[in-house]
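S.K.: Provided below for reference: sequence and predicted model.
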Amino acid sequence: MRFFRLLFLALVLFFGTAYGQKRAISKPVREEVIYKNIDFVDKEAVFSKGGETGFRELLASNTDLDKIDKYERFSEEKKKEIQELISEKKPVPPVLLSTRLTFVVEPNGTLSNVLAKGENQSFNKEMERAALSINVKWIPAEIKGKKVRFLYNMSIKMRIE
(Lines give C-alpha, C1' and ligand atoms only; values in the text may rest on other atoms or scores of the structure.)
Protein backbone atom coordinates (compact mmCIF):
# COMPACT_ATOMS: atom_id res chain seq x y z
CA MET A 1 0.00 0.00 0.00
CA ARG A 2 2.80 2.30 0.88
CA PHE A 3 4.40 1.60 -2.51
CA PHE A 4 1.24 2.70 -4.37
CA ARG A 5 1.04 5.95 -2.37
CA LEU A 6 4.65 6.77 -3.22
CA LEU A 7 4.09 5.86 -6.85
CA PHE A 8 0.94 8.01 -6.99
CA LEU A 9 2.75 10.95 -5.37
CA ALA A 10 5.70 10.61 -7.76
CA LEU A 11 3.39 10.52 -10.80
CA VAL A 12 1.46 13.60 -9.64
CA LEU A 13 4.66 15.53 -9.05
CA PHE A 14 6.20 14.46 -12.35
CA PHE A 15 3.20 15.18 -14.57
CA GLY A 16 2.34 18.32 -12.63
CA THR A 17 5.80 19.68 -13.35
CA ALA A 18 5.98 18.48 -16.94
CA TYR A 19 2.61 19.88 -17.99
CA GLY A 20 2.59 22.86 -15.67
CA GLN A 21 5.11 24.80 -17.73
CA LYS A 22 4.02 27.38 -20.24
CA ARG A 23 4.62 26.64 -23.86
CA ALA A 24 7.03 29.00 -25.56
CA ILE A 25 5.24 30.89 -28.31
CA SER A 26 7.51 31.70 -31.20
CA LYS A 27 6.90 35.00 -32.88
CA PRO A 28 7.52 35.15 -36.59
CA VAL A 29 10.78 36.89 -37.38
CA ARG A 30 10.20 39.86 -39.65
CA GLU A 31 13.18 40.44 -41.84
CA GLU A 32 13.47 43.68 -43.70
CA VAL A 33 13.00 43.32 -47.41
CA ILE A 34 16.08 43.67 -49.58
CA TYR A 35 15.15 45.14 -52.94
CA LYS A 36 17.06 43.60 -55.82
CA ASN A 37 15.50 45.17 -58.85
CA ILE A 38 15.59 48.85 -59.77
CA ASP A 39 12.02 48.51 -61.10
CA PHE A 40 10.73 48.26 -57.52
CA VAL A 41 12.49 51.32 -56.12
CA ASP A 42 11.92 55.00 -56.91
CA LYS A 43 15.60 55.86 -56.45
CA GLU A 44 18.43 53.38 -56.85
CA ALA A 45 21.32 53.30 -54.35
CA VAL A 46 24.20 55.51 -55.53
CA PHE A 47 27.74 55.93 -54.25
CA SER A 48 27.99 59.47 -52.91
CA LYS A 49 31.46 60.22 -54.32
CA GLY A 50 31.19 59.73 -58.07
CA GLY A 51 28.69 56.91 -58.45
CA GLU A 52 29.82 53.45 -59.48
CA THR A 53 32.95 54.84 -61.18
CA GLY A 54 34.00 56.57 -57.97
CA PHE A 55 33.40 53.38 -55.98
CA ARG A 56 35.49 51.37 -58.45
CA GLU A 57 38.35 53.89 -58.17
CA LEU A 58 38.30 53.73 -54.36
CA LEU A 59 38.09 49.94 -54.53
CA ALA A 60 41.18 49.82 -56.78
CA SER A 61 43.11 52.24 -54.55
CA ASN A 62 42.27 50.20 -51.42
CA THR A 63 43.31 46.90 -53.01
CA ASP A 64 46.54 45.40 -51.68
CA LEU A 65 48.03 43.51 -54.64
CA ASP A 66 50.50 41.72 -52.36
CA LYS A 67 47.60 39.78 -50.81
CA ILE A 68 46.47 38.42 -54.19
CA ASP A 69 47.93 35.19 -55.56
CA LYS A 70 47.41 35.99 -59.21
CA TYR A 71 48.67 32.56 -60.29
CA GLU A 72 46.39 30.63 -57.94
CA ARG A 73 44.45 28.86 -60.70
CA PHE A 74 47.52 27.98 -62.78
CA SER A 75 48.99 24.49 -63.00
CA GLU A 76 52.31 23.79 -61.29
CA GLU A 77 54.04 23.64 -64.68
CA LYS A 78 52.74 27.06 -65.65
CA LYS A 79 53.79 28.48 -62.28
CA LYS A 80 57.34 27.15 -62.82
CA GLU A 81 57.47 28.73 -66.28
CA ILE A 82 56.44 32.08 -64.83
CA GLN A 83 59.03 31.79 -62.03
CA GLU A 84 61.71 31.15 -64.65
CA LEU A 85 60.62 34.23 -66.60
CA ILE A 86 60.76 36.31 -63.42
CA SER A 87 64.22 34.99 -62.46
CA GLU A 88 65.49 35.68 -65.99
CA LYS A 89 63.96 39.17 -65.79
CA LYS A 90 61.88 38.56 -68.90
CA PRO A 91 58.40 40.04 -69.34
CA VAL A 92 55.65 38.07 -67.64
CA PRO A 93 52.25 37.89 -69.35
CA PRO A 94 49.54 39.90 -67.56
CA VAL A 95 46.82 38.08 -65.64
CA LEU A 96 43.15 39.05 -65.89
CA LEU A 97 41.23 38.42 -62.66
CA SER A 98 37.48 38.81 -62.37
CA THR A 99 34.88 38.52 -59.65
CA ARG A 100 31.26 39.42 -59.01
CA LEU A 101 30.89 41.70 -55.99
CA THR A 102 27.49 41.66 -54.28
CA PHE A 103 26.52 43.72 -51.23
CA VAL A 104 23.54 45.30 -49.51
CA VAL A 105 23.34 49.07 -49.22
CA GLU A 106 21.65 49.69 -45.87
CA PRO A 107 19.23 52.59 -45.21
CA ASN A 108 22.00 54.41 -43.30
CA GLY A 109 24.34 54.20 -46.33
CA THR A 110 26.69 51.51 -45.03
CA LEU A 111 27.46 48.19 -46.70
CA SER A 112 26.62 44.74 -45.35
CA ASN A 113 26.60 41.16 -46.62
CA VAL A 114 29.61 41.82 -48.86
CA LEU A 115 30.39 38.77 -50.97
CA ALA A 116 32.73 38.29 -53.94
CA LYS A 117 32.43 35.26 -56.21
CA GLY A 118 35.06 34.36 -58.76
CA GLU A 119 37.69 31.77 -59.62
CA ASN A 120 40.54 33.29 -57.61
CA GLN A 121 39.82 33.02 -53.86
CA SER A 122 42.57 35.40 -52.76
CA PHE A 123 41.25 38.04 -55.20
CA ASN A 124 37.70 37.50 -53.87
CA LYS A 125 38.83 37.97 -50.26
CA GLU A 126 40.79 41.09 -51.13
CA MET A 127 37.82 42.63 -52.98
CA GLU A 128 35.58 41.95 -49.96
CA ARG A 129 38.16 43.51 -47.63
CA ALA A 130 38.68 46.53 -49.90
CA ALA A 131 34.92 47.14 -50.21
CA LEU A 132 34.44 47.01 -46.44
CA SER A 133 37.40 49.34 -45.87
CA ILE A 134 35.79 52.17 -47.85
CA ASN A 135 34.43 54.62 -45.29
CA VAL A 136 32.44 56.77 -47.71
CA LYS A 137 28.71 56.12 -47.38
CA TRP A 138 26.26 55.39 -50.15
CA ILE A 139 23.03 57.27 -50.82
CA PRO A 140 20.46 54.54 -50.09
CA ALA A 141 17.63 53.45 -52.38
CA GLU A 142 14.19 54.93 -51.72
CA ILE A 143 10.59 53.89 -52.14
CA LYS A 144 8.02 56.66 -51.62
CA GLY A 145 10.59 58.72 -49.72
CA LYS A 146 11.49 55.89 -47.32
CA LYS A 147 15.07 54.60 -47.35
CA VAL A 148 15.25 50.85 -47.98
CA ARG A 149 17.85 48.08 -48.20
CA PHE A 150 19.11 47.48 -51.74
CA LEU A 151 21.11 44.60 -53.20
CA TYR A 152 23.88 45.90 -55.45
CA ASN A 153 25.85 43.77 -57.93
CA MET A 154 28.92 44.69 -59.91
CA SER A 155 31.47 42.83 -61.98
CA ILE A 156 35.09 43.62 -61.29
CA LYS A 157 37.93 42.84 -63.65
CA MET A 158 41.52 43.65 -62.85
CA ARG A 159 44.52 43.22 -65.09
CA ILE A 160 47.67 42.58 -63.08
CA GLU A 161 51.05 42.79 -64.77
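M.R.: Sure, I can see it.

S.K.: For the rest of this, base every contact and every neighbour count on C-alpha atoms.
M.R.: Noted.

S.K.: give me the number of residues near K146?
M.R.: Neighbour count for K146, taken as other CA atoms under 10 Å: 11.

S.K.: Can you name the residues bridging to it?
M.R.: On the basis of DSSP bridges, K146 is bridged to I143.

S.K.: Return the residues in contact with the residue nearest the centre of the chain.
M.R.: By CA atoms, centre = their mean, the chain has its centre lying nearest to V114, at 2.6 Å. Residues near V114 by CA atoms under 8 Å, 6 or more residues apart in numbering: L101, T102, F103, V104, E128, A131, L132.

S.K.: Please enumerate the helices of the protein.
M.R.: For the chain, applying DSSP state H gives helices covering 2-19, 51-62, 76-87, 121-133.

S.K.: Can you flag the weakest of these by average pLDDT?
M.R.: Ranked by mean pLDDT, those end with helix 2-19 in last place, scoring a mean of 63.

S.K.: Could you pull out the buried residues of stretch 87-98?
M.R.: Using 16 or more other CA atoms under 10 Å as the test for burial, stretch 87-98 gives L97, S98.

S.K.: residues in contact with that stretch?
M.R.: By CA under 8 Å, 6+ apart, the residues outside stretch 87-98 that reach it are 70-71, 82, 85-86, 118-120, 123, 155-161.

S.K.: looking at the contacts of V114, which has the most residues close by?
M.R.: A131 (24 neighbours).

S.K.: Next up, the contacts around that residue.
M.R.: A131 touches L59, V114, counting by CA under 8 Å, 6+ apart.

S.K.: I'd like the distance between it and D64.
M.R.: Counting by CA to CA, to the nearest Å, the gap between A131 and D64 amounts to 12 Å.

S.K.: re the thing from before, now do the residue nearest to the centre of the chain, the pLDDT please.
M.R.: Listed pLDDT for V114 reads 93.

S.K.: ditto for K49
M.R.: Reading off the model, K49 has pLDDT 88.

S.K.: Tally up the residues packed near it, please.
M.R.: By other CA under 10 Å, 14 other residues sit near K49.

S.K.: Would you mind measuring from S112 to R159?
M.R.: S112 is 27 Å from R159, where distance means CA to CA.
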